[in-house]
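> with the sequence up front, the predicted model follows.
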Amino acid sequence: MPVPRALLADPVLEVAPRLLGMVLRSTTDEGTVAVRLTEVEAYDGPNDPGSHAYRGETARNAVMFGPPGFLYVYFTYGMHFCMNVSAGPDGQPSAVLFRAGEIVEGHDLARKRRGQPDTAQAKFNQSASGPATLGRTGKTSEVLPGKRGITGPGTPGGVVPGKPPGRQAKADPDRDLARGPARLCVALGIDREANGADLLDPGSPMQLLEGPGFEGEPSTGPRVGLREAADRPWRFWIPGDPTVSPYRPHVPKRRS
């Protein structure tokens, strides 16, 4: 069932971690793909210089100023779509960015959209044996927030402790299908036409469902690639999940 709207009507910093473990399902003419959300970011409107709504309402960000539970889709860097769900009371322009997830339905269609041949997953399944295997069959590690190249346990994007970089086990190729906000949109078939969709409407082709949930405390850290308010720890993720994206700080462009 879709998530109750009241669950998204609280302050955005309360709503964001609640979304971890929920399922985002998209149905198009091609079929259905669903992901279990593993990573999100909170944006707090006029209180947040990193938010699209910081300087007021525009045609682009109007969805953020409406009631909670609606999809806000935007185009970035001239090549990628990203998507958020509106949160907080009606009229308060907060939103949660969907950053990453694990495909739980429609794997073949997600692979096709992401340009991943089925043979890649088949080869991984045949070779996925032994304790050093990454992905769903073993442990992995991630670049720690703010420290590129430094790794820690239970955080994706890094290397396996104790093993030289040249001898790392291959990661499950399905791990990367929705690992990052742009990849997530591609896997689910999301573009600008989905902007404004009611994720909590049982009849909507794009739905936010309760899913398996997540027990325990989420990890938190700075949001990815922001120029302003970059130090706020408003990114939330399921610790140790291999589908969580690596942290990358904003890199200012050099003037030529």
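In hand now; what should we look at?

> pLDDT below threshold where in the stretch 1-150 of the chain?
Scanning the stretch 1-150 of the chain with the threshold set as pLDDT under 70 gives 117-150.

> residue boundaries of the strands in it?
With strands called from DSSP state E, counting those that start in this stretch, the stretch 1-150 of the chain shows them at 23-28, 31-43, 71-76, 80-87, 94-105, 141-143.

> possible to save those as TSV with mean neighbour count?
For every residue, glycine as well, the C-beta is placed using N, CA and C. Below are the strands of the stretch 1-150 of the chain laid out as TSV (neighbours: other Cβ atoms under 10 Å):
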stretch	mean neighbour count
strand 23-28	21
strand 31-43	24
strand 71-76	18
strand 80-87	24
strand 94-105	24
strand 141-143	21
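
> nearest to A194, out of those strands?
Proximity to A194, assessed across these by Cβ to Cβ, is greatest for strand 71-76 (5.3 Å).

> give me the angle between the closest one and strand 80-87.
Comparing the axes of strand 71-76 and strand 80-87 via axes from the mean of the first three to the mean of the last three Cα atoms, to 10 degrees yields an angle of 150 degrees.

> is it true that M22 touches V35?
No - counting by Cβ atoms under 8 Å, M22 sits too far from V35 to count as a contact (9.6 Å).

> on that earlier part again, what would the strands of the stretch 1-150 of the chain look like in JSON lines with distance to R60?
What follows is these, written out as JSON lines (distance: least, Cβ to Cβ, whole Å):
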{"stretch": "strand 23-28", "distance to R60": "22"}
{"stretch": "strand 31-43", "distance to R60": "14"}
{"stretch": "strand 71-76", "distance to R60": "7"}
{"stretch": "strand 80-87", "distance to R60": "12"}
{"stretch": "strand 94-105", "distance to R60": "12"}
{"stretch": "strand 141-143", "distance to R60": "32"}
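
> of all these, which one is nearest P205?
Checked against Cβ to Cβ, the stretch from those lying closest is strand 23-28, at 4.6 Å.

> and that closest one, which strands flank it?
strand 31-43 (antiparallel), strand 206-209 (antiparallel) (DSSP bridges).

> same list (those strands) but as TSV, adding distance to L199.
Converted to TSV, the strands paired with strand 23-28 look like this (distance: least, Cβ to Cβ, whole Å):
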stretch	distance to L199
strand 31-43	12
strand 206-209	4
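
> so which of the ones you listed gets nearest D174?
The closest approach between D174 and any of the strands paired with strand 23-28, judged by Cβ to Cβ, belongs to strand 31-43 at 11.1 Å.

> chain center to that closest one: distance?
Relative to its parent chain, strand 31-43 has a centroid offset of 5 Å by Cα atoms, centre = their mean, to the nearest Å.
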